[in-house]
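# what's the 3D shape of this:
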Amino acid sequence: MVWGIPSTYFRNKFRKIVYKTNDWKINIKPFFKKEIIALFSNLYPDNDLYIKIRNQYRVYLIVYLIIFLIYLSQ
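A predicted model of the protein is given here:
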């Protein structure tokens, strides 16, 4: 549960950059297509903040996946 807390932080920052908004409702809306494309490609190559947040979010998701796989294997 503790590991899920940073998810809201990373996803919030990432979604605000991807969808170009500061509205808090971006966290509860089920937009996925553009977010997934932005996560696996370089949607805004000139935006250094986007690249930094995207890479941090990727690392977080990889670690989350590893923890989940360890949980499943037991």
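# what comes into contact with the worst-scoring helix or strand of the chain on mean pLDDT?
Sorting the helices and strands of the chain by mean pLDDT, DSSP states H and E puts helix 5-18 at the bottom, at a mean of 87. Identification of contacts with helix 5-18 by Cβ atoms under 8 Å, 6 or more residues apart in numbering yields 22, 26-27, 31, 34-35, 38-39, 43-44, 47, 49-50, 53-54, 56-57, 60, 64. Every C-beta, even on glycine, is put in place using the N, C-alpha and C of the backbone.
# how far does the helix or strand following that helix sit from its chain's centre?
Next in sequence after helix 5-18, counting helices and strands by DSSP states H and E, comes helix 33-40. On the basis of Cα atoms, centre = their mean, to the nearest Å, helix 33-40 is displaced by 9 Å from the centre of the chain it belongs to.
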